[in-house]
Structure formats: C-alpha cells, structure tokens
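Colleague: A predicted structure for the sequence below; I have some questions about it.
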Amino acid sequence: MVFHRSKFRGASIAPLAALLASTAPAFAQDTSDDDAIIVTAQQAQKQVVSDGNLGALGDQDAMSTPFNVTTYTAQLVLDQQAETIGDVMKNDPSVRVTSGNGNQAELFVVRGFPLFGDDIAIDGMYGVAPRQLISPELYEGIQVLNGASAFLYGAPPGGSGVGGGINLTPKRAQKELYRATASFGGKSILGGNFDAGKRFGGNDEFGVRLNGVYRQGEHSIDNEEKRVIVGGLGVDYRSGIARVMLDIGYENQRVFQPRPVVRLGAALTTVPTPPRADYNFGQAWTYTKLRDLYGTLRVELDIAKDVMLYAAFGMRDGSEFGDYSTITVLSASGATAGNSTQARLYVPRGDNNEAGQIGLRAKFNTAGISHQLNTGVSAVFQENRNRSTAGIFPASTRTGASCTGTPAASLTTAVFCSNLYNAPQVAKPADTTILTNLSDLRRVQMFDYGSAYISDTLGFLEDAVLLTVGARYQHMISRTFTYPVATPPYVVTKVVRDAVTPVVGIVVKPTENISIYANRIEALAQGPVAPATFGGSTVANAGTIFEPYRTVQYEAGVKVAVQGLTGTAAVYQTSQPITSYLQGTGNTVTFDVGGEQRNRGFELSLNGEPTEWLRFIGGLTYTDATVRDQFTVISGVRTSLVGKRGIGVPEWQVSFGTEVVPPFLKNATFTGRVVYTDKQFVNNVNTLSIPAWTRFDLGARYVFVADGHPITLRVSAENVANKSYWSSAALGYLTIGAPRTFKASVTFEY
C-alpha cells in the first residue's frame, strides 16, 4: 500500500466527531445500579503494579523482591492512548525518552544510562522485540527494572542497559473480550485498534488473543507523517501439568519527513535557542521504514509438586530502510543564528535473531528454611546486515543566505547549507560511490551469547527474611565484518569473553506491609563498536570491537504497601565506562572507551489508588553523575575530565500524574501529569548545557453503559502550553520536545 503524503493533510476530526455524537444520547439516560457497577469496575482497572517477571527468578511478588520493579499495564496503555513504549515511559521518573541518532527510534535513559531498543526483552528474552519503535498494544505488561540485570536476563547484546531494562509481557486470553477503539491524534492521525480474546474447550484449555492496530496521518510536528500497522496473535493451552504459549507479532511502521536530532558544531560556545515546537527542519525526502516479524514459544511442565521445567524460544526477522538528514548547528547567535549544515545518510538494514531458554524452578524446605531454586541456560544469536551511502550535493546548495559566515569553499559536497529556524528544502542528492548494489546487504555484525545460571532464595522466620544468592556464567562471542575497497574476502574481527556475574539480595519484612531490601548485582555489556563516521568526520579505527565491560551496582530501599498504594524509596550506586571521540589528523577522529562515569542517586515513587476516586502514578529521582576517570584532547592538549558531570544526565527528574473521579460526576475521570527535567550538559567539558524544563499534560475520560456494554470516551493534551524546549542532551546531541499534541478516542467493549 502506498502512503500518499497529501491524503490526510488538512483532514478534520469529522469521522471521530460523528462517532462521538452518535453516542451522545446515552449521557442523558438514567444509570441503573448494574450500570453503576460496570462503570466503577472500568474505573478501578489497575494501571500500575509492582509485581513482575525477573528473568531467572521468574514471577515475583513486589514485597518479596530485592529490586525496584514497576509494571505498566495494558489498561494504562488504553487509558493514556499510548502509541509507543516511549509514551508509556513518560510516567516513570527514572526514565527519560529521547530520539535515536539520525534515525527514527526511541532511546531510553534509565538512571542516567542509555537503554537501546536492541536491549528490550520480550518474555525475558533479548533479540526478539522490534529494535526502533514498539507499539505497546500487544502487551499485557510493560515492566521497568531500575538497575543492573546481568544475572537476571544475561548480557544485553546491544551493549546498554547498565542503569535498567524493559521487559514486555504478551497478552493472554483470560476471559471473553471484544474491544474496539477509534482514535484521532496530532493534526490528522486517524485509526484505531481492536483486542479480542476467548477461551475454548470443555475446561477452557485453549485461549486465543488477537490484537490489531492501524493509524495514519500527520503528526503534531509539521509535515511529519506516520503510518502504523500492527498485528498480534497469542494462543495458549493449559491442562493439567502442561502450559504452552505461542505469540506472534507483526509491525510495519513508516515515518515520512521525521524531524531529526540536532548536533552542535565544535566551535559553538553557546547552545542555540530551540526552534518553534512544531517546526520541522527535516528534508521532504527523508523517511524511515520498519518491518518486524517476531514470535515466542514457551512450554511449562509441572514435573512434580512445586517443581516446574520450562523452555522458551524466540525469533525476529527485521528490515529497516531509512534516508536521514541530521543537522549540525554552526552559529547560535547574532545575524547568523541557526546557520547549519545538513548531510544525507541512507541505510538499508536487515536483522535475523534467535533466542532460547531452558530452566528449572523448584520450591522446597530444609530444616525450617524455605528455598526457591532457579537454574537454567539461555542463548541469544544476532546477525546484522546493512549497507550505507551518503549524498553528493551540488554547489548551488552550498551558497546563499543560510551560508552567511560559512563559505561554500569550506563545505564538502557531502553537506549543504541550512538553518535551524528556516531550513531550505533541497533535492535528494545522488549517492556517493558505493562498493556494491545497496540491495546487497552484507553481514556486518554477529553476536553469539550463551549463559548458565543458578540461584537460591532462602526464607527464614516464615519468609520474613529472604536471602537470594546466585550467579550466571556468560560466554560472549562478538564478530564484526570489514569489507575492503576491493572485493571480498572480508576481514573478521572476533572478540571472545567469559564472565561470571553474581547476585546477592536480601529482603526483610518487619510487617506484611513493609519490605526493606538491598542488593549487589552487576551489569555486563558488550563493548561498543567504533562507527564509520561521527559528526561528518571519518573514524580512524572504524569497526574496532571494544572489550565487554562489567560494573557493580549497590542498592538499598524500602517498599510500603498500604491502602491501595505502593511506595518505594531507594538509593543506588552504579558506573559505566565512557566512550569518546578524540581529534586526529585532518578530518578524522578516533573512537575510544576510556574512563568511568559513576551515577549515585535516590528514587521515590508512589503508585496506586488510596481511594476509589483518586489515583497516583510516578515520583521523583535525583542523580549525581560524576566522571571519575577520563580525559579528552582539546587543541592538541590532553585535558582531564575528572569531576565533570555526565553528558545528558539531569540531577532532578519528576514524573507525577494524578487521576480524580469527582463526586459530582462519577462517570468521569480527570487526569493531570507534570514532567520536570533538570539542566543537562551537552559536552564532556561541561561548557554547553540545556536548561531545565517542565511540561504539563491534561486529560479526561468518561465511561457510560449502553445495553450493558461499557463505552469510554477519552481526550488528552500533552504539553498543553505548547512549550518549545530541548528535551534531552543524551549521547551529546539534542532532541526537541514534542509540541502540544491532542488525542481523542472512543472504546466500545463487549
């Protein structure tokens, strides 16, 4: 299907308005007692829980877990009209969402450290989830683990996740359900989704859950258009000692003229003012096309009382095609403010990944001490194939008003003159010289990870004290393939690393409602691979694989569950090696991993419903991100960075939402959320920074009953003040906060 840019431009909300109008008479109807019960039940659906699946440890009760876990439910996705995992993460004070480097992707920052899409897990397995954009409608739970997880899930193949991880739980058919939603968002995004589930058989042994999503139209950012097609099928069998679960997902996402991230030129001494919130300086020929087919199969057998054997397998076949145009600002003030260069990068990519697990879980008692034994093996195999090309821009695009202060003679043919506030549209350039046809995707990277783990959770004093000890042995093989100017044979660089990552956690429960915990756990991640280019410069050691690194996390906290609320307070310390680019000769830089950034902080969260008319979601965090050992080269001089703050890590973050059901309108729920992010440094010498920002979101939903079936109307506005701000400086580039974004939907449930 061809997506025509003009098809939805200027479209109105008439289709949705007509749908809402058709239900309007129901507001005037008398509400029976049965209807009131249905309305109350709809409003009481859980949006956040603190229980979760902890990989090697399996499903865990929040108060018995020595980790800080938050799970956002499918009901929250529905109520907040979330369209990506990033929309869900706006509720979490420990997480910030930014954009990928040039491409259209979501990058998460957890406890001040990056989490790439490659390192998001499905059902405890890496490599299965789509790696750039993930639609949340297929999942029953979106779980955030604050902290390192090398023992729990193994080493993430993307080399991130030091500060925390995300695990997705597929939906299951628990009861008969038929739900349809029509939605409108941005300037003209129309679509909807459906969710159907049913159990079959004499004893409901078989279950089927089917989900589908379609959206298309213009985003709230000028000329940025999207199309999303998503489908998911979950089938399960439960009988006697056996449980079998099969999940298949398909995502097809298109983004046309996406607004890119912003890089700052090396000579800048100030950060430019952000452009208008909805302004798009992206080129009309830029786009991202993502297609993912993935699935998981899990089998569980109760081979004895309190003894379960399980096995799981997952796979993903993905393809990406994108034409990108990142902007680099050269002037921040004066008559030439916003003058920039833009370049082109076209990248086709393919991925084939497999993952598997086999394990045993057992519960037993010895001498008055309870045990929860977990042991197993896991493996992840990933292969990445891609090619790339830049563009050759004509001389006419390197002259003109936007080039004032930037002579054409100083520009290479790989860039053209632009401006952050008034970007010219130029024709798509010709490809630069390439080795082979771009459709011939060559193998670039392979990761083969295998691990074995064992742990025991010992319970003392009738499980009032729980001590978890365990370790995972990890065998990591990483390969990069370098293709010379001549035809193959190619060169393979191979790095093999073995590591053992232990875990120790303790939980003390002085009462049923209070849990005090502490843990020592490690992060283990594959070292980065030096890229081919950075900021228009050639990387001299491109393709170099750096050694995997491991870091230690210490954490302590307290959880309190009372009156429908779960509150968690935690303090932590963890660290990560730092990557940098050192200036070389000519137009070259050298990629390096040297030094260490230590993050210390505390978290405070409050989630739940203290009364039937009030709900809280969120909290606040403080992070002290300090460089302990690193240097850089400035004008040929080696300069120490010890004591500097980490790039893109704010000290304070707040995400706090409230939902209120007013006594005078019990069918309605009014929602509000405040998001605050403190000042962030853009460079490692801490001379450039973006200011703190605050954003407010508002919304409402109304539930009524028609012929015994609940119908829910929802409206919301994010960034209601339409504030223009730099939202993130993670990884040293800037992301502009989204403009005011309206959403509306109506859901019918049978």
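Modeller: Right, received. Where do you want to start? Residues are numbered from 1 along each chain as shown.
Colleague: contacts and neighbour counts: CA atoms only from here.
Modeller: Will do.
Colleague: who touches Ile521 in this structure?
Modeller: By Cα atoms under 8 Å, 6 or more residues apart in numbering, the residues touching Ile521 are Ala148, Ser149, Ala150, Phe151, Thr501, Pro502, Val503, Val504, Val552, Gln553, Tyr554.
Colleague: tell me the strands in the stretch 401-550 of the chain, going along the chain?
Modeller: Counting by DSSP state E, counting those that start in this stretch, the stretch 401-550 of the chain has these strands, from start to end: 415-419, 430-431, 442-460, 465-482, 491-511, 514-525, 533-534, 537-539, 549-562.
Colleague: Most tightly packed of those?
Modeller: Stretch with highest mean neighbour count among the strands of the stretch 401-550 of the chain: strand 415-419 (a mean of 26; mean count of other Cα atoms under 10 Å).
Colleague: for the protein, which spans come out with low pLDDT?
Modeller: The model of the chain has pLDDT under 70 over residues 1-32, 101-103, 400-411, 433-436, 484-489, 535-536, 581, 583-587, 633-638.
Colleague: Determine the longest strand present in it.
Modeller: Ordering each strand of the chain by length in residues (DSSP state E) puts strand 588-611 first.
Colleague: List the buried residues of that strand.
Modeller: Residues of strand 588-611 classed as buried under the neighbour-count rule (16 or more other Cα atoms under 10 Å) are 588-593, 595-609.
Colleague: Tell me the gap between the helix or strand following that strand and the middle of its chain.
Modeller: Per DSSP states H and E, the first helix or strand lying C-terminal to strand 588-611 is strand 614-629. Distance of strand 614-629 from its chain centroid, counting by Cα atoms, centre = their mean, to the nearest Å, is 17 Å.
Colleague: picking up where we left off before, now do the longest strand of the chain and strand 614-629, the angle between them.
Modeller: Counting by axes from the mean of the first three to the mean of the last three Cα atoms, to 10 degrees, strand 588-611 lies at 150 degrees to strand 614-629.
Colleague: Going along the chain, name the strands of the stretch 151-300 of the chain.
Modeller: Ranges of strands within the stretch 151-300 of the chain are 164-170, 177-185, 189-200, 206-218, 225-239, 242-256, 262-264, 287-304, based on DSSP E, counting those that start in this stretch.
Colleague: Kindly check the end-to-end length of stretch 155-170 for me.
Modeller: Criterion Cα to Cα, to the nearest Å; first-to-last residue distance in stretch 155-170 is 22 Å.
Colleague: ugh, typo on my part, it should be stretch 271-288
Modeller: Note: stretch 271-288 ends 28 Å apart using Cα to Cα.
Colleague: tell me the angle of the longest strand of the chain relative to strand 549-562?
Modeller: Going by the same axes, to 10 degrees, strand 588-611 makes 10 degrees with strand 549-562.
Colleague: Give me the distance between Gln257 and Gly282.
Modeller: For Gln257, the distance to Gly282 equals 6 Å [Cα to Cα].
Colleague: Also Ala738?
Modeller: Noted for Ala738: a distance of 15 Å to Gly282, by Cα to Cα.
Colleague: want to try TSV for the strands of the stretch 401-550 of the chain, with distance to Val109 as columns?
Modeller: Output for those, formatted as TSV (distance: least, Cα to Cα, whole Å):
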stretch	distance to Val109
strand 415-419	29
strand 430-431	34
strand 442-460	23
strand 465-482	24
strand 491-511	23
strand 514-525	15
strand 533-534	21
strand 537-539	25
strand 549-562	17
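Colleague: Out of the ones you listed, which gets nearest to Thr366?
Modeller: Nearest to Thr366 among the strands of the stretch 401-550 of the chain is strand 442-460 (9.8 Å), distances taken as Cα to Cα.
Colleague: re earlier: so which of the strands of the stretch 151-300 of the chain gets nearest Thr40?
Modeller: Nearest to Thr40 among the strands of the stretch 151-300 of the chain is strand 177-185; the distance by Cα to Cα comes to 17.9 Å.
Colleague: could you check the angle strand 206-218 makes with that closest one?
Modeller: 10 degrees.
Colleague: Could you list the alpha-carbon positions for strand 177-185 in PDB?
Modeller: Provided in PDB are the C-alpha atoms of strand 177-185 (Å, rounded to 0.1, in the frame of the first residue of the first chain):
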ATOM      1  CA  LEU A 177     -13.300 -10.000  25.500                       C
ATOM      2  CA  TYR A 178     -14.200  -8.000  22.400                       C
ATOM      3  CA  ARG A 179     -13.000  -4.400  22.400                       C
ATOM      4  CA  ALA A 180     -12.700  -1.800  19.600                       C
ATOM      5  CA  THR A 181     -11.200   1.700  19.700                       C
ATOM      6  CA  ALA A 182     -11.400   4.500  17.200                       C
ATOM      7  CA  SER A 183      -8.800   7.200  17.700                       C
ATOM      8  CA  PHE A 184      -7.600  10.600  16.400                       C
ATOM      9  CA  GLY A 185      -4.300  12.400  17.200                       C
END
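Colleague: who does it pair up with?
Modeller: Sheet pairing for strand 177-185, assigned by DSSP bridges, gives strand 189-200 (antiparallel), strand 741-749 (antiparallel).
Colleague: Need these in CSV (columns: distance to Met315 and mean neighbour count).
Modeller: Converted to CSV, those look like this (distance: least, Cα to Cα, whole Å; neighbours: other Cα atoms under 10 Å):
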stretch, distance to Met315, mean neighbour count
strand 189-200, 23, 20
strand 741-749, 33, 20
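Colleague: Nearest to Met308, out of those?
Modeller: strand 189-200 (23.8 Å).
Colleague: ok, and what's touching the closest one?
Modeller: Contact with strand 189-200 is made by 8, 172-184, 205-219, 226, as judged by Cα under 8 Å, 6+ apart.
Colleague: that older thread, so for Ala738 and Gly282, which sits in the more crowded spot?
Modeller: A direct count of neighbours by other Cα atoms under 10 Å for Ala738 and Gly282 places Gly282 higher, at 26 against 20.
Colleague: residues contacting that one?
Modeller: By Cα under 8 Å, 6+ apart, the contact set of Gly282 is Gln257, Pro258, Arg259, Pro260, Ser325, Thr326, Ala423.
Colleague: measure the last one to Ile392 for me?
Modeller: In this structure, Ala423 lies at 18 Å from Ile392, with Cα to Cα as the measure.
Colleague: Can you name the residues that contact Val661?
Modeller: Neighbouring residues of Val661 by Cα under 8 Å, 6+ apart: Glu612, Trp613, Leu614, Asn667, Ala668, Thr669, Phe670.
Colleague: Can you give me the buried ones in stretch 356-366?
Modeller: For stretch 356-366, a neighbour-count test (16+ other Cα under 10 Å) marks Gly356, Gln357, Ile358, Gly359, Leu360, Arg361, Ala362 as buried.
Colleague: From the chain's centroid, how far away is that stretch?
Modeller: A distance of 31 Å separates the centroid of the chain from that of stretch 356-366, by Cα atoms, centre = their mean.
Colleague: Many thanks, I have nothing further to ask.
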